[in-house]
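Asks: Predicted structure and sequence below. I'll ask about it afterward.
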Amino acid sequence: MTRHPRRARAIAITQAKADAAMAVLRYLMLAAGATAATFALLLAHFL
């Protein structure tokens, strides 16, 4: 077991926050990609 449970807990919380931030970033990138693809399809349709 860890000798410094407080530090281990702080590291775990920091890691969880980083994971959440990465999930949000991934979601935003996915949304941006879907938007770009939609615009590309609409543009191809109207030209």
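Replies: The structure has been received and is ready for your questions.
Asks: just for this structure, where's the confidence low?
Replies: Scanning the chain for pLDDT under 70 picks out the ranges 1-3.
Asks: mind listing the helices for it?
Replies: 5-46 (DSSP state H).
Asks: Quick check: residue 43 vs residue 26, distance?
Replies: 26 Å (Cβ to Cβ, to the nearest Å). Placement of C-beta: from N, CA and C, glycine included.
Asks: Check residue 10 too.
Replies: Taken as Cβ to Cβ, the span from residue 10 to residue 26 is 25 Å.
Asks: ok now stretch 9-17, how far from the chain's centre?
Replies: In terms of Cα atoms, centre = their mean, to the nearest Å, the centre of stretch 9-17 is set 17 Å apart from its chain centre.
Asks: ok, now stretch 8-15?
Replies: Here stretch 8-15 is found 19 Å from its chain centre; the criterion is Cα atoms, centre = their mean.
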